[in-house]
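*Asks:* Output the structure for:
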Amino acid sequence: MTTAPSAIHKLSLFWDALMSRRWPLFLLVAIGFIASILVSRYNLIDQYLELVAMYVGINIILALSLNLVNGYMGEFSVGHAGFMAVGAYGASILTVKVFAPAAGVWIFPLAIIAGGVLAAVAAVVVAIPSFRTRGDYLAIVTLSFNMIVKSVLENVDVVGGPRGFLGMEKLTTLPWTFAWTVVSVWAIRNFVYSNIGRGVLSIREDEMAGAAMGVDTRKVKLHAFVVSSFFAGVAGGLYAHLLQFISPRTFDILKSTEILIMVYLGGVGSIAGSITGAVIYTVLIEALRVLGMWRMVIMPLLLVLLMIYRPKGIFGFTEFRWFKPIAAKKGDGAIVPYMAASEPRRPTPGDELLTINGLTHYFGGLCALSDFNLKLDSGQIMGIIGPNGSGKTTLFNLISGYYRPSRGNVVFNGVEITRLRPNEINAQGIARTFQNIRLFNNLTVEDNVKVGMFNAVNYNAADAMVRTRSFIKREKYVSARVLALLELFALDKYAKELAKNLPYGQKRRLEIVRALATRPRLLLLDEPAAGMNPSETGALMELVHRIRDEFQLTVMVIEHHMSFIMGLCERITVLDFGVAIAGGAPEQIKDDKKVIEAYLGSSGSKNYRGGQ
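*Replies:* As a prediction, the model looks like this:
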């Protein structure tokens, strides 16, 4: 009776071992490429099946490229066929009108790359205005772009106008399609599992928190959109040289809808999902061809049912193990202490670190903060207290760049930061946590902290996609530092756990550790003890003192927990209706009449003093 479970267990161990190694994947790719050459050269399968196989490859590239924006970044682009059209027409013009037909075979790879580059350039034009705003603007802009491209192509006679463009040789073969599909999967997978990729994921999870950790959200969005559009252009070039005829109608909104269906069918935020969605959609469309136009009705209906019962798609936010990077082991790379030797000089204790002059902020006609002034010395722990709605979090948002003040300025370490963006302020040395915990819930604990090291990594997108020596060196450095930091704060056992699965107290701790990963000089803690029991509050107090001492930090804390704030802080400032009403040592604040009145009201204040 014990034989069957033992055999199943051994099979499971074998499968896990196989999935944890890369060589089987490389072997399968090599076999697939050789098979594609043999099939193409010796006609081993029916030409129709070979055509469907090439459609599958092209659709995988399209689904992967759109998934980078819609799935991994969490934006919504609906005009992907427009970029495909730019690549298709760009590559076709090169092979038909620029170079002699005899050079077609040799120029074909360059034409495909050129089509991708043209699509990427178009993406820059679309992205610059789109990513300066938030919300659904990208969907509107990309839809408009798709319609503009179609209209322009219909009115340009040099590319055939509404009649279409033809004359391309059939240069797209099964080996070429297989090779470009593998390159696309490899490059996009490498992009996702890189520093820029983590920045992309942070935007999907919580763009505000990502910016606070130093992620330049505009730049990261632009990178992802350009890479996505490049591969849409590559797919367009392959498509044009497979059909040998393209027209503006080929790339209308219906084509963009087909790509969307493939992405959401297979699963958003998943390479395996993009591949699965493309294969299923292409095969089903061909299998249902006997139904004529009804197949275009059935497929969207299937998608609607899928969205009802499995909204994220088949593989939504899950990944085939072969596509994941091999986990770094303890001891991989050099052991890197938290403080690097190249760390910029930190202010010595007692130096003036933060100066706030006349800071005022209005929400419409409501004054949330009025003529606030503050001088904070390096090495201090300072508390900001006050009733709800007194302007405490508004102050933090002004310091960290989320709000622009109506008047006044903020000077940090001798540099005015009033008009800088949150990621630029983080780069200056200010990190923060949030009143409501803002972790990247669908990322692991380790990746949350790696996002905090975004500015410590200096390789570019090209390094990431081709895995250069610079990339490998920097990623080992980041992994070693992150694991050391997690171990220092007893979070290393949760490293591979999703952040959303942590207990509440550990989530608070992780948010602080993630902020520390940015190597700040000033740490802003917004109600860190909220929701904690007395023992957790005591442990947090010890943690903040330890952080200040070991990491040479200055700390500002917003908190309602009076025993916590009085026992932790050396100085306290009290806000009421946006105005600073008191400031000084905890002993002074505790007995200040204005402070007691602000919290208890005038009648409560009399009762409080009467009971003294």
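*Asks:* Flag every buried residue along stretch 445-460.
*Replies:* For stretch 445-460, the neighbour count (16 or more other C-beta atoms under 10 Å) marks 445-457, 459 as buried. From N, CA and C alone the C-beta is placed, and that goes for glycine too.
*Asks:* what's the closest of those to residue 264?
*Replies:* Closest approach between the buried residues of stretch 445-460 and residue 264, by C-beta to C-beta: residue 447, at 24.1 Å.
*Asks:* which non-adjacent residue is nearest the closest one?
*Replies:* Once flanking residues are discounted, residue 447 sits nearest to residue 198: 6.1 Å by C-beta to C-beta, 6 or more residues apart in numbering.
*Asks:* Count the residues that sit near that neighbour.
*Replies:* 25 (other C-beta atoms under 10 Å).
*Asks:* Go ahead and confirm it touches residue 454.
*Replies:* Yes - assessed by C-beta atoms under 8 Å, residue 198 is found in contact with residue 454 at 7.1 Å.
*Asks:* Remind me which helix or strand residue 241 belongs to.
*Replies:* helix 217-243 (DSSP states H and E).
*Asks:* The helix or strand that that helix is followed by pairs with which strands, and in what direction?
*Replies:* Toward the C-terminal end, the helix or strand that comes next after helix 217-243 (DSSP H and E) is strand 245-246. Strands that pair with strand 245-246, judged by DSSP bridges, come out as strand 165-166 (antiparallel).
*Asks:* And the next helix or strand past the strand it pairs with?
*Replies:* According to DSSP H and E, the helix or strand after strand 165-166 is helix 174-192.
*Asks:* how close does the nearest residue to residue 137 once chain neighbours are set aside sit to residue 552?
*Replies:* Counting by C-beta to C-beta, 6+ apart, residue 137 lies nearest to residue 130, which is 5.6 Å off, once chain neighbours are set aside. Here residue 130 is placed at a distance of 41 Å from residue 552 (C-beta to C-beta, to the nearest Å).
*Asks:* One more: residue 471?
*Replies:* In terms of C-beta to C-beta, residue 471 sits 31 Å off from residue 552.
*Asks:* neighbour count winner among the two?
*Replies:* More crowded of residue 471 and residue 552, by other C-beta under 10 Å: residue 471, with 20 against 16.
*Asks:* Can you tell me the element the more buried one falls in?
*Replies:* Using DSSP H and E, residue 471 falls in helix 469-488.
*Asks:* I'd like to know which elements that helix is packed against.
*Replies:* helix 195-212, helix 445-452, helix 461-466, helix 504-516 (3 or more C-beta pairs under 8 Å, 6 or more residues apart in numbering; DSSP states H and E).
*Asks:* the inter-axis angle of the last one versus helix 445-452?
*Replies:* Translated: helix 504-516. Taking axes from the mean of the first three to the mean of the last three C-alpha atoms, to 10 degrees, one finds helix 504-516 and helix 445-452 inclined to each other by 30 degrees.
*Asks:* Can you give me the buried ones in helix 504-516?
*Replies:* 505-516.
*Asks:* One more: the third one?
*Replies:* Neighbour counts over helix 461-466 (16+ other C-beta under 10 Å) mark 461, 463-465 as buried.
*Asks:* Who are the packing partners of that helix?
*Replies:* Other helices and strands packing on helix 461-466, by 3+ C-beta pairs under 8 Å, 6+ apart, are helix 174-192, helix 195-212, helix 217-243, helix 469-488.
*Asks:* For it, give me every contacting residue.
*Replies:* Here helix 461-466 makes contact (C-beta atoms under 8 Å, 6 or more residues apart in numbering) with 187-188, 190-191, 194-197, 223, 227, 468, 470-471.
*Asks:* again, only this time at 6 Å
*Replies:* Helix 461-466 is contacted by residues 187, 190-191, 194, 196, 223, 470-471 when judged by C-beta atoms under 6 Å, 6 or more residues apart in numbering.
*Asks:* just these now: which is nearest residue 528?
*Replies:* Ranked by distance to residue 528 (C-beta to C-beta), those are led by residue 196 at 30.2 Å.
*Asks:* Quick check, the closest one in contact with residue 221.
*Replies:* No - if you go by C-beta atoms under 6 Å, residue 196 and residue 221 don't touch, sitting 10.4 Å apart.
*Asks:* picking that back up, could you export the buried residues of stretch 445-460 as a markdown table, including distance to residue 416?
*Replies:* Output for those, formatted as a markdown table (distance: C-beta to C-beta, whole Å):
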| residue | distance to residue 416 |
| --- | --- |
| 445 | 36 |
| 446 | 36 |
| 447 | 34 |
| 448 | 31 |
| 449 | 30 |
| 450 | 31 |
| 451 | 27 |
| 452 | 25 |
| 453 | 26 |
| 454 | 24 |
| 455 | 20 |
| 456 | 25 |
| 457 | 27 |
| 459 | 31 |
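*Asks:* For the helix holding residue 241, buried residues please.
*Replies:* Neighbour-count burial for helix 217-243 flags 217, 220-243 (criterion: 16+ other C-beta under 10 Å).
*Asks:* Ok, stretch 415-426 next?
*Replies:* Within stretch 415-426, the residues scored as buried using 16+ other C-beta under 10 Å are 417-418, 420-423, 425-426.
*Asks:* contacting residues around it?
*Replies:* Residues outside stretch 415-426 that contact it (C-beta under 6 Å, 6+ apart): 211-212, 214-216, 400-402, 409-410, 428, 518.
*Asks:* Distance across it, terminal residue to terminal residue?
*Replies:* End-to-end span of stretch 415-426 (C-alpha to C-alpha, to the nearest Å): 13 Å.
*Asks:* Show me how far that stretch is from its chain's centre.
*Replies:* Once both centres are worked out by C-alpha atoms, centre = their mean, to the nearest Å, stretch 415-426 turns out to sit 21 Å from its chain's centre.
*Asks:* same check, this time on stretch 463-481
*Replies:* Using C-alpha atoms, centre = their mean, the offset of stretch 463-481 from its chain centre is 18 Å.
*Asks:* now stretch 284-291
*Replies:* With C-alpha atoms, centre = their mean, you get 37 Å for stretch 284-291.
*Asks:* re earlier: list just the nearest of the buried residues of helix 461-466 to residue 99.
*Replies:* residue 465 (27.5 Å).
*Asks:* Excluding chain neighbours, give the residue nearest to that closest one in space.
*Replies:* Per C-beta to C-beta, 6+ apart, closest to residue 465 is residue 187, 4.4 Å.
*Asks:* Check residue 525 too.
*Replies:* residue 557 (4.6 Å).
*Asks:* Appreciated, that's everything.
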